[in-house]
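1. The following comprises the amino acid sequence and a computationally predicted model.
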Amino acid sequence: MTYEQIFLFSLLGVVFAFLVWGRIRYDLVAFAALIIAVAAGVVDAHDAFIGFGHEAVVIIALVLIVSRAMMNAGAVELIARFVLSSGRSLSTHIGFMSVIGAGLSAVINNVAALVMLMTLDIEAAKKAKRPVSRSLMSLSFATILGGMITLIGTPPNIVIAEFRGRALGESFSMFDFSPVGLVCAVVGIAFVTLVGWRLIPETGQAVAGDDGEAGLFVVEAGVKEKSKFIDGPVSDLYPLADEHDVTVLGLVRRGKRLPGFSAGEELRKSDQLILEGDPKSIEAFIGAAELDTPGSEEHGGIRGKSLVLVEAIVPDNARMVGRTALDLRLLYRRGVTLLGVSRQGRRFRERVRKLPIRAGDVVLLLGPESRVADAADWLGVLPLAEKSHNVIQRGKALFAVAVFAIAVAISVMGFVPLAIALAGAVAIYALFNVVGAREVYESVEWPVIVLLASLIPLGLALEESGGTKLIADSILSLTGSLPAWAILAILMVVTMTLSDFLNNVATALIAAPVGLSVAQGLNVSPDPFLMGVAVAASCAFLTPIGHKNNTIIMGPGGYRFGDYWRMGLPLEILIIAVSVPAILFFWPL
């Protein structure tokens, strides 16, 4: 072994140990390793930061921004109307959510798909009065499986495609992963739906009760002219309101609130419904019932800015105390709407905009983020940072989907590279305020970007030093006269095990050149080995640290470290069993 090989193997071993230890952030570990490698002379100083301009890094960052745009535009809300039903059995619910999660993961980043659906899954569990532990892990695993279907669904696919392009002169295309990915996803989801969830204990920790009446706001929402509820009684809205934990308190007509709850009153154009609930539930109900919020004509439109809902406490010395939103001309002066008021659980009959605000009230402000911040300062109220919610821009849903579909299409047809197509989509989203300038930067998981960009030069150095070939030769010597399919299976098992403890991007970067070298040593096509690495690097089901989706659900699901292998171990065995023949069928040796 050469000096470079010894140093790089030792350095990567230390990196692996620190990543498994988990006490120091993985991006700092990877970046420190890169600097050490440069100082030791095994990575050229001129190549130290080439990873930050690497196509795989750029694509991952752009996919995350596109995912945020799809969330802002309300793609998940359209789906939620069809999947949320407290009357379904747990197995049926898991099947629905798993299929939808896998489908979303195929077209957006799988972490974003989980984040979009996790709230719905928890909400469904609350309505059905059952623990969320079984369904939430099933959803996480399904989104991981779905990400394998396309190039952009999961980072390992992007890494493998770029590596193939660099090593062999031609990259994997968008749907080259689909045949094998679909087989794995279908079989995996069938297992999760029928058997897997039964292996998870019911922790019962994630079904939170109500937060109490103090967190409920009274809000007004207008009835649209083309609403399907027009000419029907107010009571027609009750089932939908129950689904979203919202109470319909009454009706305002021609500026005056009608007596009682107005359950039998027929809805007319320009009526205002009085709603009570928490901000997120009210916002979701307004979308599902196709209602208008006050000030929507000011904030809306395809060029309308992205909006936030911010809860703020009114102190004694606030400008708002003793005054109404009409007195303050809040919308005209500051471009912000007073959407609702929470008065320590007490209801009131005044119109929200005509209600004199008291010290101790909590107000709900709607508007562009910068304007809300300025308005809060002018009003003298104290925003609650943890109580800020993005408002879904429902009018832009079809627009956002169309832009993304066009970007993918022009890339698949070969007009422009995928990175350029996605960059164009992001530019359009920013131009039309589907994502704000600040959100563009907030959407990117910078620790993952730094990790990937730092490991790329180390991986290249290991390959150039002959280190990956040394590993491949060791695998070949240990496997002896085993057939190629058995060696492929062993490589996948090793890669999958690494992925359970390492970040899946790091695993793909390490295993891809090894897979290529093994294929070259066997004198067979490298494609099945690279595809095997892509599948194995994505399938981290044994621990909460191997994939970010598993980490995200750990708290909400009330899971312990040892809960994951209960469903994860048989699922990993199943994936190996079905993926090896599928790979060899679609990508022959």
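-> Okay, I see it.
2. how about the residue lying closest to residue 408 once chain neighbours are set aside, phi and psi?
-> Of all residues not flanking residue 408 in the chain, residue 174 sits nearest, at 6.6 Å (CB to CB, 6 or more residues apart in numbering). For glycine as for every other residue, the C-beta is placed from the backbone atoms N, C-alpha and C. Per-residue torsions, residue 174: phi -50, psi -40 (degrees, to the nearest 10).
3. now the helices for the stretch 151-300 of the chain?
-> Taking DSSP state H, counting those that start in this stretch, the helices of the stretch 151-300 of the chain run over residues 155-168, 178-194, 238-243, 279-288, 296-299.
4. rewinding a little: correct me if wrong: the residue nearest to residue 408 contacts residue 157.
-> No. Contact between residue 174 and residue 157 fails when scored by CB atoms under 8 Å: they sit 9.6 Å apart.
5. Overlap of the contact sets of the two?
-> 150-151 (CB atoms under 8 Å, 6 or more residues apart in numbering).
6. Looking at the two, which is more packed in?
-> Each of residue 174 and residue 157 has its neighbours counted (other CB atoms under 10 Å); residue 157 has more, 28 against 18.
7. Distance of residue 94 relative to residue 133?
-> According to CB to CB, to the nearest Å, residue 94 and residue 133 sit 12 Å apart.
8. anything in contact with each of these two?
-> Residues touching both residue 94 and residue 133 (CB under 8 Å, 6+ apart): there are none.
9. picking that back up, among the helices of the stretch 151-300 of the chain, which gets the worst mean confidence?
-> Between the helices of the stretch 151-300 of the chain, the one with the least mean pLDDT is helix 296-299; it has a mean of 56.
10. following that one, which helix or strand comes up?
-> On the C-terminal side of helix 296-299, the nearest following helix or strand under DSSP states H and E is strand 307-313.
11. mind saving the C-alpha coords of that following strand as PDB?
-> Backbone C-alpha positions of strand 307-313 (Å, rounded to 0.1, in the frame of the first residue of the first chain) are rendered in PDB as follows:
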ATOM      1  CA  LEU A 307     -47.500  34.700   2.900                       C
ATOM      2  CA  VAL A 308     -47.000  33.800   6.500                       C
ATOM      3  CA  LEU A 309     -49.300  33.600   9.500                       C
ATOM      4  CA  VAL A 310     -47.700  34.900  12.700                       C
ATOM      5  CA  GLU A 311     -49.100  34.700  16.200                       C
ATOM      6  CA  ALA A 312     -48.200  37.700  18.400                       C
ATOM      7  CA  ILE A 313     -48.900  38.600  22.000                       C
END
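12. Could you give me the buried positions within it?
-> In terms of neighbour count (16 or more other CB atoms under 10 Å), strand 307-313 has its buried residues at 307-313.
13. what's it packed up against?
-> Under the contact criterion of 3 or more CB pairs under 8 Å, 6 or more residues apart in numbering; DSSP states H and E, the helices and strands touching strand 307-313 comprise helix 279-288, strand 362-368, helix 369-379, strand 382-391.
14. which residue is nearest the middle of this structure?
-> Nearest to the mean C-alpha position of the chain, counting by CA atoms, centre = their mean, stands residue 112 at 1.3 Å.
15. if we can go back for a sec, closest one of the buried residues of strand 307-313 to residue 280?
-> The shortest approach to residue 280 among the buried residues of strand 307-313 belongs to residue 309, at 8.1 Å (CB to CB).
16. And the strands in the chain, which stretches?
-> Along the chain, counting by DSSP state E, strands occupy 217-223, 247-253, 256-257, 272-277, 291-292, 307-313, 337-342, 362-368, 382-391.
17. Residue ranges in the chain under the pLDDT threshold?
-> Low-confidence regions of the chain, defined here as pLDDT under 70, cover residues 75-87, 203-215, 294-306, 385-388.
18. Report the residue ranges of every domain in it.
-> Recorded structural domains for the chain (assignment: automatic domain parsing) are 63-206+414-443, 307-390.
19. so which of those is the most packed in?
-> Greatest average neighbour count among these goes to domain 63-206+414-443 (a mean of 21), per mean count of other CB atoms under 10 Å.
20. That one: end-to-end distance?
-> Taking CA to CA, to the nearest Å, domain 63-206+414-443 runs 9 Å from one end to the other.
21. what number of residues lie near residue 235?
-> The number of residues packed near residue 235 is 14, by other CB under 10 Å.
22. Not counting residues beside it along the chain, what's closest to it?
-> Using CB to CB, 6+ apart and skipping the chain neighbours, the partner closest in space to residue 235 is residue 263 (4.4 Å).
23. Touching, that neighbour and residue 236? I think so.
-> No. With contacts counted by CB under 8 Å, residue 263 stays clear of residue 236, the gap being 9.6 Å.
24. Mind listing what's buried along stretch 276-295?
-> Taking 16+ other CB under 10 Å as the neighbour-count basis, stretch 276-295 is seen to contain the buried residues 276-289, 291-295.
25. got the buried residues for stretch 34-42?
-> Of the residues in stretch 34-42, those buried by neighbour count under the rule 16+ other CB under 10 Å are 34, 36-38, 42.
26. Pick the one among these closest to residue 48.
-> Of all the buried residues of stretch 34-42, residue 48 sits closest to residue 38, with 5.0 Å by CB to CB.
27. mind listing what the residue lying closest to the closest one once chain neighbours are set aside touches?
-> The spatial neighbour of residue 38 that comes closest, neighbours along the chain excluded (CB to CB, 6+ apart), is residue 48 at 5.0 Å. Counting by CB under 8 Å, 6+ apart, residue 48 makes contact with 34-35, 38, 457.
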